[in-house]
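Engineer: Structural data only, the sequence is not supplied:
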């Protein structure tokens, strides 16, 4: 008997071995066949606002193919994104198609690492082709404008091509020579402006005003001084740059920079490590008010630094044209630019809005997610009472006390069954979606950010409405809050699919209730206008003017944002007009104040850590309003040709105001079986005068 069992086991092992070998051979044969079957290429066709049009070319030298072509882009630590297109490709056939990709789906600064995969109808990968630089032409330079009489002498400031951190992304530096003639044309496209060995007072008043406005709107100004201090610091308005000169050292003598570089003083480590000797340089000692809070001494560079509205200024004690600075390494030069990250409020503006937007969407989810556990509580209470004294008393009265240990497990089973059926109401049956759609009131396109999740760990997708033509992850992972670049394209988290009937967006969950944060762009119809007239303010904080909601939507809240000031009014019906001066005095005015960072505004408006705090307004509406403000800020017009300024007003007398209204139960982003809570944000822009009238 024992020998027969051993013989049977041996026979079974042989059969299993043969079957396994056959399966392996089949897999190997399929992989070998697939490896010679498909060809493909991925290229960027063109760059659009907030995304790219990608072109895919595929060929098939094998049997007829019906399946999915998948392009997986390496993103950030928020997860790779796979763009999937269902195709039919006959034998010896070739096909070309395009898809729209959001700029949040890939790390463009690294050239666009991606994999082109061919999947059969079961979703198995038949073949994969990897590409390393499909977005190389989308990598833009970090443009640095230069006003200098010695432009060639500053070429070292390009840091030998080493990238610098600009708004959370890495870009190579490219210097652009500016002058009176081209300043108006090119300045708006610059990240930085270096002024060195240049007489600012020789510029026209309009050009100086242009530079000052550029800084206040978010530009970063770097001023070299040294022996040219009198020229580079001249011409600016005193309330913009109030810096004087106490003296200028000559090469060969000690100075304020050399003193600070000593071990007992400040430590300009990167300069001394590169062999810079400040005593061989002409160093300016600057006169400025340390008590004003406008400037502070840098410990990294011989300079004073400070924010100016949304931008910043750094005034260096030396001239960038000083020959001693040629010793600086490319790393040190990149660090000079990086100084702005420490004090410019909007150095990483995109990431700041991005981070706050993620938190606002999560807040909307938390405040709207309510599960009724009443029946479950009743069941637990009944079970506890029954299983204890009641059951025992009943059995004792019946003279069946010995049945107690039989009834206890029986009641336990009934309790579990009851919990299962009564708990169905607490289950997440459909995909939960929370969306905020922002569009210019009279515009023809819209941006939608949405958070979605589903129970379970199986991959899921939601179908987007037909007007959406581009989708991807909701965040690009830049800045301080996300830092991990993903160097592999073997797997992905986000999916965007085109099945011929439209787009679907989803994720491959790693754990139960994993959520995905998405961004989608689509066409829209005009909803009307937000009409503003005679908007004005004075230095005492008094505001005036009227705003009319000429859209077809009732707005639960409307925000007016200018400079760093915000006012929020409630319940602005379609066709209704609010008078700022009048309504700021009544209950319609629900929030107002100044803020210097998006994070501060988020904490002031929404009770992040206390969802039930009574602030006198609907906090989920306010969270949606903040997302709309972020989109409106990103899309705001940059030139006077895009704004209507009241006749006779000077641009220097005007500031730009952003008006955003939030609408409940707005157009959904998804179709089909989803539980979606949707908000809309309609925005517009106007000129607001500092004492003058402005209209839009």
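Structural biologist: Arrived safely. Owing to the predicted nature of the structure, the values given are computational and were not obtained by experimental measurement.
Engineer: low-confidence ranges in the stretch 551-696 of the chain?
Structural biologist: Scanning the stretch 551-696 of the chain with the threshold set as pLDDT under 70 gives 608-614, 638-654, 690-696.
Engineer: and with 80 instead?
Structural biologist: The stretch 551-696 of the chain contains residues with pLDDT under 80 at 595-600, 607-616, 637-655, 689-696.
Engineer: next one: stretch 318-334 to chain centre, how far?
Structural biologist: When distances are taken as Cα atoms, centre = their mean, to the nearest Å, stretch 318-334 is centred 33 Å away from the chain's centroid.
Engineer: Regarding that stretch, how distant is the last residue from the first?
Structural biologist: End-to-end span of stretch 318-334 (Cα to Cα, to the nearest Å): 17 Å.
Engineer: Buried residues, that stretch. List them.
Structural biologist: Within stretch 318-334, the residues scored as buried using 16 or more other Cβ atoms under 10 Å are 318, 319, 320, 321, 322, 324, 325, 328, 330, 332, 333, 334. Every C-beta, even on glycine, is put in place using the N, C-alpha and C of the backbone.
Engineer: all strands of the stretch 501-650 of the chain, in order?
Structural biologist: With DSSP state E, counting those that start in this stretch applied, the stretch 501-650 of the chain shows strands at 503-507, 515-523, 528-537, 543-551, 555-562, 565-572, 577-579, 589-594, listed in chain order.
Engineer: Return the list of helices and strands in contact with the last one.
Structural biologist: If I follow you right, that is strand 589-594. Judged by 3 or more Cβ pairs under 8 Å, 6 or more residues apart in numbering; DSSP states H and E, the packing partners of strand 589-594 are strand 565-572, helix 598-605.
Engineer: Need the winner for burial among these.
Structural biologist: Burial of the helices and strands packed on strand 589-594 is given as mean neighbour count (mean count of other Cβ atoms under 10 Å); strand 565-572 ranks first at a mean of 20.
Engineer: what residues does that strand touch?
Structural biologist: 537, 541, 543, 549, 554-561, 578, 580, 583-584, 587-595, 601, 605, 617, 622, 625, 661 (Cβ atoms under 8 Å, 6 or more residues apart in numbering).
Engineer: Nearest to residue 127, out of the helices and strands packed on strand 589-594?
Structural biologist: Within the helices and strands packed on strand 589-594, the stretch nearest residue 127 is helix 598-605; the backing value is 45.1 Å (Cβ to Cβ).
Engineer: how about JSON lines for the helices and strands packed on strand 589-594, with distance to residue 686 added?
Structural biologist: Conversion of these to JSON lines gives the following (distance: least, Cβ to Cβ, whole Å):
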{"stretch": "strand 565-572", "distance to residue 686": "13"}
{"stretch": "helix 598-605", "distance to residue 686": "20"}
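Engineer: To residue 505, which of the ones you listed lies closest?
Structural biologist: Between residue 505 and these, the shortest gap by Cβ to Cβ is with helix 598-605, which sits at 25.5 Å.
Engineer: Strand 555-562 and the closest one, what's the angle between them?
Structural biologist: Using axes from the mean of the first three to the mean of the last three Cα atoms, to 10 degrees, the inter-axis angle of helix 598-605 relative to strand 555-562 is 140 degrees.
Engineer: pLDDT score for the one residue sitting closest to the centre of the chain?
Structural biologist: The residue at the geometric middle of the chain, judged as the C-alpha nearest the mean C-alpha position with Cα atoms, centre = their mean, is residue 354 (3.2 Å). Note on residue 354: pLDDT of 78.
Engineer: sec struct for it, please.
Structural biologist: Secondary structure state of residue 354, per DSSP: H, G, I helix; E, B strand; the rest coil, is helix.
Engineer: Quick check, it in contact with residue 475.
Structural biologist: Yes: contact between residue 354 and residue 475 holds when scored by Cβ atoms under 8 Å: they sit 5.0 Å apart.
Engineer: ok now do residue 436, which residues does it touch?
Structural biologist: If you count contacts by Cβ under 8 Å, 6+ apart, residue 436 has them with 360-361, 364, 448-450, 624, 627-628, 678-681.
Engineer: so of those residues, which ones are in helices?
Structural biologist: In helices, judged by DSSP state H, the following of those are found: 360, 361, 364, 624, 627, 628.
Engineer: What residues are bridge-paired with the nearest residue to the fifth one once chain neighbours are set aside?
Structural biologist: By that I understand residue 627. Distances taken as Cβ to Cβ, 6 or more residues apart in numbering place residue 436 nearest to residue 627, at 4.4 Å, with adjacent residues excluded. As for beta bridges, residue 436 partners with residue 449, residue 679 under DSSP bridges.
Engineer: how close does residue 200 get to residue 237?
Structural biologist: The span separating residue 200 from residue 237 equals 11 Å under the rule Cβ to Cβ, to the nearest Å.
Engineer: cool, and residue 297?
Structural biologist: Taking Cβ to Cβ as the criterion, residue 297 is separated from residue 237 by 23 Å.
Engineer: more neighbours, these two?
Structural biologist: The residue with more neighbours, out of residue 297 and residue 237, is residue 297; 15 against 12, by other Cβ atoms under 10 Å.
Engineer: The more buried one contacts residue 304, doesn't it?
Structural biologist: Yes: counting by Cβ under 8 Å, residue 297 touches residue 304, with 5.9 Å between them.
Engineer: Could you pull up the contacting residues of the closest residue to residue 551 other than its chain neighbours?
Structural biologist: Leaving aside its sequence neighbours, residue 551 sits nearest to residue 528 (Cβ to Cβ, 6+ apart; 3.6 Å). Shown here is residue 528, whose contacts under the criterion Cβ under 8 Å, 6+ apart are 441, 442, 550, 551, 552, 553, 574.
Engineer: Kindly supply the PyMOL command isolating those of those residues that are buried.
Structural biologist: The following PyMOL line selects those of those that are buried, judged by 16+ other Cβ under 10 Å:
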select buried, resi 441+550+551+553
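Engineer: Residue 232 contacts residue 202, correct?
Structural biologist: No: shown here, residue 232 and residue 202 do not form a contact pair, counting by Cβ under 8 Å, at 11.3 Å.
Engineer: quick one, which of those two is more surrounded?
Structural biologist: The residue with the greater number of neighbours, taking residue 232 and residue 202 and applying other Cβ under 10 Å, is residue 232; the counts read 27 against 12.
Engineer: Can you give me the distance of the more buried one to residue 681?
Structural biologist: If you go by Cβ to Cβ, the gap between residue 232 and residue 681 works out to 43 Å.
Engineer: Can I get the buried residues of stretch 318-334 in JSON lines including secondary structure?
Structural biologist: Formatted as JSON lines, the entries for these read as follows, by three-state DSSP:
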{"residue": "318", "secondary structure": "coil"}
{"residue": "319", "secondary structure": "coil"}
{"residue": "320", "secondary structure": "coil"}
{"residue": "321", "secondary structure": "coil"}
{"residue": "322", "secondary structure": "coil"}
{"residue": "324", "secondary structure": "helix"}
{"residue": "325", "secondary structure": "helix"}
{"residue": "328", "secondary structure": "coil"}
{"residue": "330", "secondary structure": "helix"}
{"residue": "332", "secondary structure": "helix"}
{"residue": "333", "secondary structure": "helix"}
{"residue": "334", "secondary structure": "helix"}
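Engineer: doesn't residue 271 fall inside a helix?
Structural biologist: Yes: counting by three-state DSSP, residue 271 is located in a helix.
Engineer: ok, it touching residue 324?
Structural biologist: No: in this structure residue 271 lies outside contact range of residue 324 using Cβ under 8 Å: 9.2 Å.
Engineer: any residues in contact with both of these two?
Structural biologist: With contacts taken as Cβ under 8 Å, 6+ apart, residue 271 and residue 324 have residue 278 as neighbours in common.
Engineer: close enough to count as contact, residue 99 and residue 498?
Structural biologist: Yes: using Cβ under 8 Å as the test, residue 99 is close enough to residue 498 to be in contact (6.4 Å).
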